[in-house]
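J.: I need the structure of the sequence given here:
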Amino acid sequence: MVRSVPSLLLLILLTGFVSGAWAAPGTLDIHVDRDTLHENQTLTMRVQGEMPFSMDLDMLFNIGDADLPSPDEDALKQNFEILSRHQKYSLRSVNGDATAVITWIYELAPKTTGQLTIPSLTFRDAHSSPVTITVKPGDAPSADGDAPPAFVEVETDKDSVYVQEQLVLTVRLFYRGNLIRGDLSQPDHGDAIIETMGEQQEYARIRNNVRYRVVERRYVIYPQTPGNLTIDGITFNGQARDDRGQLNFLRDRANPVDIPVKDIPAQFTGDTWLPATSLELEDQWSDPSQQLEAGKSVTRTIRMKALGLLGSALPPMDVNYPDSLRSYPDKAEMTSDVNDRTVTSSRTENTALVAIKPGEITLPEIRVPWWDTVNDRQRVAVIPARTLSIANASGQVPSQPPAPETAAQTSAPASAPADEASDNAPSQPVTASVDRTWFWLALALGTGWVLTLLFWWLNRRRDTGTVPVDSQPDAAEAVLFADLQSAAGAGSAQTLSLLPRWARRRFANQHLRSAADVVRFSQDEVLGEELEKLQERLYSDHQSTGEWHSKALLQRLEVLRESHAARPEKDALAPLYPAGLKASRAGS
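T.: Model prediction:
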């Protein structure tokens, strides 16, 4: 019973020690490594506090896990930027009294110049005394003279720009020593498009007889509104180790960039403002001969290329084609290549053209006004007007009817008597009485033969169910095919009903009643797949994940039209649901 008293007292003492750890008030002192510095320099501040410490076993062996609070730093952040902070601690005991010594180490950068005050800091019930710091403007002198350890340089390629004109901003960071870490800010503006140009460049350069390592970054900027474009100063914060192995904090801030932005000049006549270094138009044809044939399609590619503009800024090229042409444009393709010098962009538009009747047509001129930023003047990119001849289905361009004078001359006698020609006497009309009995008799017999052949041909067609396919499409077939291409190009449901109508006309096969019949007749699996894609786009309950294009379907229709597919056997009907194609809904 006596032995249990010390144990009980030890337990009470340990409990009191643990609960009383860090409880008693202590002291708080501030020490700085310098009280005068330049605005590009940093200072080291040490905050040291002492307080009684309870030497219990749990705290002694687990001191690393102890929750050691820090001084209040809110007042410190008003004048200084805290670049880094860490803490260390030690324990000491004198005559049985344990004391904890905690040291907080801060790396501070002044936010402005002049007399700055490190305010009184508070830790628990302890308070420190304020410290006054003098910050001088400019860079601090170094062992190499007045050369700073690091600085940021910013320049632009133009003193002023038009709205939406390309501006190139170059940022260079000069530093000495081995860079341990660094943070170089990027230009930012809420009313401008800013893109990075190329890769970051690194090289060495001599400046003021001091060798620096340089990091260079380039940006392309497109201001969106006239007025004044202000880019905030680019800042750099980093750490570098010098030749002596000492770790130094580096920081600098470049001056802001102010660029006047001019409005669109009044003399510009275009609908879309296009300030560029250069702009060109070109067109290409799928058939180099540029020969058109009624009922057949040809693809025209128009491309706009520009320097100093993004592809998204290039406008669509509206072309008013003649009524004798039907156009089926594809989705425009836009590209932008941002290299380390400028921006190269293009806009490409592909249009399928189908002539619906023969003759001569004139494609209108395409004009795109743009502003030459090099010479500060308006220019116009032009694709000249072009006259094309459209051949009929047989490949012949229809000839013009003879003029009335020509017809009269043709009906005149080939030559006149020699005596009349020599006398230059006016010719007299010659009349002759012609017996037309044999003419009418021959016409009657010929008509009878034609009717007999027609009756025989119709009976033969009724027996066979098919007629031979013409080597060239007729005018009605050409119109049907043009309507089919128009519906297919637009992705319309009429494609499924127009396809069998056109096929019956083209191949003279009355059994082709649906799109599925046409696929079976043609034995074209790719055509069947494209029609299935069209049906899924038209009738699927959910949105298709893939994007459907009409180009492949139009190509297969062209191939089918040019082919002479094998006719089905006599009296052979197309199956109701042939393999490879869903049942057409066109007839529903």
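J.: now the helices for the chain?
T.: Assigned helices in the chain, in chain order: 4-19, 57-61, 404-411, 418-423, 437-464, 475-490, 494-507, 515-522, 525-539, 551-562 (criterion: DSSP state H).
J.: any weak-confidence spans in the stretch 401-550 of the chain?
T.: The model of the stretch 401-550 of the chain has pLDDT under 70 over residues 401-442, 448-449, 452, 455-474, 539-548.
J.: got the domain boundaries for this protein?
T.: 16-136, 150-262, 275-391, 463-588 (automatic domain parsing).
J.: for these, which one sits closest to A444?
T.: domain 463-588 (28.4 Å; Cβ to Cβ). The C-beta positions use only the backbone N, C-alpha and C, and glycine is treated the same way.
J.: how far away is I383 from Q291?
T.: Separation of I383 from Q291 (Cβ to Cβ, to the nearest Å): 19 Å.
J.: more neighbours: those two, which one.
T.: Taking other Cβ atoms under 10 Å, I383 and Q291 do not tie; I383 has more neighbours (18 against 15).
J.: wait, that one sits on E282?
T.: Yes. If you go by Cβ atoms under 8 Å, I383 and E282 touch, sitting 7.4 Å apart.
J.: overlap in contacts, those two.
T.: Applying Cβ atoms under 8 Å, 6 or more residues apart in numbering, one finds that I383 and E282 are jointly contacted by I302.
J.: that older thread, tabulate the domains of the chain (JSON lines), appending distance to T269.
T.: Putting these into JSON lines (distance: least, Cβ to Cβ, whole Å) gives the following:
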{"stretch": "domain 16-136", "distance to T269": "52"}
{"stretch": "domain 150-262", "distance to T269": "15"}
{"stretch": "domain 275-391", "distance to T269": "5"}
{"stretch": "domain 463-588", "distance to T269": "34"}
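J.: which one of the ones you listed has the lowest average pLDDT?
T.: Of all the domains of the chain, mean pLDDT reaches its minimum on domain 463-588 (a mean of 71).
J.: mind listing the strands for the stretch 51-200 of the chain?
T.: Assigned by DSSP state E, counting those that start in this stretch, the strands in the stretch 51-200 of the chain fall at 80-94, 97-110, 114-118, 122-123, 126-127, 131-136, 150-156, 161-162, 167-175, 178-184, 192-207.
J.: would a markdown table of the ones you listed with distance to I366 and mean neighbour count be doable?
T.: Output for the strands of the stretch 51-200 of the chain, formatted as a markdown table (distance: least, Cβ to Cβ, whole Å; neighbours: other Cβ atoms under 10 Å):
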| stretch | distance to I366 | mean neighbour count |
| --- | --- | --- |
| strand 80-94 | 58 | 12 |
| strand 97-110 | 59 | 18 |
| strand 114-118 | 64 | 15 |
| strand 122-123 | 75 | 16 |
| strand 126-127 | 80 | 14 |
| strand 131-136 | 64 | 16 |
| strand 150-156 | 35 | 18 |
| strand 161-162 | 24 | 22 |
| strand 167-175 | 30 | 21 |
| strand 178-184 | 46 | 13 |
| strand 192-207 | 27 | 13 |
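J.: need the ones you listed in a markdown table with distance to R379, can you?
T.: Output for the strands of the stretch 51-200 of the chain, formatted as a markdown table (distance: least, Cβ to Cβ, whole Å):
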| stretch | distance to R379 |
| --- | --- |
| strand 80-94 | 51 |
| strand 97-110 | 52 |
| strand 114-118 | 55 |
| strand 122-123 | 70 |
| strand 126-127 | 73 |
| strand 131-136 | 54 |
| strand 150-156 | 25 |
| strand 161-162 | 14 |
| strand 167-175 | 21 |
| strand 178-184 | 39 |
| strand 192-207 | 24 |
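J.: any idea what the closest residue to F80 other than its chain neighbours is bridged to?
T.: Closest residue to F80 apart from its sequence neighbours, by Cβ to Cβ, 6 or more residues apart in numbering: L108 at 4.2 Å. According to DSSP bridges, the residues that bridge with L108 are L43, I82.
J.: L108 contacts S84, correct?
T.: No. Using Cβ under 8 Å, L108 makes no contact with S84, being 9.3 Å away.
J.: Provide a list of residues in contact with L353.
T.: Counting by Cβ under 8 Å, 6+ apart, L353 makes contact with 292, 297-300, 321, 325-328.
J.: which ones among those map onto strands?
T.: Among these, the ones falling in strands (DSSP state E) are 292, 297-300, 325-328.
J.: got a markdown table for these, with distance to A488 and neighbour count too?
T.: Shown next, in a markdown table, are the ones in strands among the contacts of L353 (distance: Cβ to Cβ, whole Å; neighbours: other Cβ atoms under 10 Å):
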| residue | distance to A488 | neighbour count |
| --- | --- | --- |
| L292 | 19 | 22 |
| S297 | 10 | 25 |
| V298 | 16 | 19 |
| T299 | 14 | 17 |
| R300 | 18 | 22 |
| L325 | 17 | 20 |
| R326 | 12 | 17 |
| S327 | 14 | 16 |
| Y328 | 8 | 19 |
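J.: out of those residues, which one sits closest to V161?
T.: Distances from V161 to these, taken as Cβ to Cβ, are shortest for R300 (35.6 Å).
J.: list the contacts for the closest one?
T.: By Cβ under 8 Å, 6+ apart, R300 lies in contact with 283-286, 350-351, 353.
J.: mark which of these are buried, thanks.
T.: In terms of neighbour count (16 or more other Cβ atoms under 10 Å), the buried residues within the contacts of R300 are 283, 285, 350-351, 353.
J.: okay, now D318: neighbour count?
T.: 8.
J.: kindly apply the preceding question to D524 instead.
T.: D524: 20 surrounding residues under other Cβ under 10 Å.
J.: I'd say it and E558 touch.
T.: No. The criterion here is Cβ under 8 Å, and D524 misses it with E558 at 11.5 Å.
J.: contacts only, for the closest residue to R347 other than its chain neighbours.
T.: Leaving aside its sequence neighbours, R347 sits nearest to L314 (Cβ to Cβ, 6+ apart; 4.0 Å). Applying Cβ under 8 Å, 6+ apart, one finds that L314 lies in contact with 274, 304, 306, 334, 345-347.
J.: next step: the residues you listed restricted to strands.
T.: If you go by DSSP E, the contacts of L314 have 304, 306, 334, 345-347 in strands.
J.: and the closest residue to V257 other than its chain neighbours, what does it touch?
T.: Nearest residue to V257 in three dimensions, chain neighbours excluded: I231, at 4.2 Å (Cβ to Cβ, 6+ apart). The contact partners of I231, taken as Cβ under 8 Å, 6+ apart, are 154, 169, 187-189, 221, 256-257, 259.
J.: quick one: I231 from H189, how far?
T.: Using Cβ to Cβ, one gets 6 Å for the distance from I231 to H189.
J.: overlap in contacts of those two?
T.: I221.
J.: now N79: closest residue in space that isn't a chain neighbour?
T.: Excluding the flanking residues, the one nearest N79 by Cβ to Cβ, 6+ apart is L116, at 4.5 Å.
J.: list the residues that contact that neighbour.
T.: L116 neighbours (Cβ under 8 Å, 6+ apart): 79-80, 110, 132-135.
J.: who's it bridged to?
T.: With DSSP bridges as the criterion, L116 is bridged to I133.
J.: surely S70 meets I102?
T.: No. Contact between S70 and I102 fails when scored by Cβ under 8 Å: they sit 9.1 Å apart.
J.: find residues that contact each of these two.
T.: Q87.
J.: distance check, the residue nearest to S90 when sequence neighbours are not counted against T122.
T.: In space, and not counting its chain neighbours, S90 is closest to V101: 4.9 Å by Cβ to Cβ, 6+ apart. Note on V101: its distance to T122, by Cβ to Cβ, is 18 Å.
J.: same deal with L531?
T.: 80 Å.
J.: again, but for P288
T.: Taken as Cβ to Cβ, the span from P288 to T122 is 85 Å.
J.: list the contacts for the closest residue to K262 other than its chain neighbours?
T.: The shortest distance from K262 to any non-neighbouring residue, by Cβ to Cβ, 6+ apart, is to Y162 (5.0 Å). By Cβ under 8 Å, 6+ apart, the contact list for Y162 reads 261-265, 275, 371, 373.
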